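Trainee: one predicted model, sequence on top.
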Amino acid sequence: MHKRMTITLDEAVYEGLNRTVGKRRMSQFIEDLLRPHVLDTALDDGYRAMAADQEREAQAAEWCSALAGDVADAAR
């Protein structure tokens, strides 16, 4: 659901925004800029990207297995 909001911009900023993204795309452009600053999705996105990296995940699993072995050896 979208909410309507009125904001005030300097005329030069507005004209630059209009030239850069166009009148019909301003809202989406501003939302895309603000989203990472107001929603806690940056960490989620980062974790998703890390999980998608198969080589990194394999190295992490290997490291965890080795660490578990070290702990088991220390307990003896």
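Mentor: Here it is on my side, so go on.
Trainee: for the protein, which spans come out with low pLDDT?
Mentor: Applying pLDDT under 70 to the chain flags residues 42, 75-76.
Trainee: report the longest helix in it, please.
Mentor: Criterion DSSP state H: the longest helix present in the chain is helix 54-75.
Trainee: touching that helix from outside, list them.
Mentor: 50-51 (Cβ atoms under 8 Å, 6 or more residues apart in numbering). For the C-beta atoms, the positions are set from N, CA and C on the backbone; glycine is no exception.
Trainee: now swap in stretch 9-20 and tell me
Mentor: For stretch 9-20, the surrounding residues in contact (Cβ under 8 Å, 6+ apart) are 26, 29.
Trainee: any idea how far that stretch is from the chain center?
Mentor: Relative to the chain's own centre, stretch 9-20 is displaced by 26 Å; criterion: Cα atoms, centre = their mean, to the nearest Å.
Trainee: for that stretch, buried residues please.
Mentor: Residues L17 are the ones in stretch 9-20 that count as buried (16 or more other Cβ atoms under 10 Å).
Trainee: quick one: the longest helix of the chain to chain centroid distance?
Mentor: 28 Å.
Trainee: I'd like the numbering to begin with 24 instead of 1 from here.
Mentor: Yes, from this point I'll number from 24; that puts the last item at helix 77-98.
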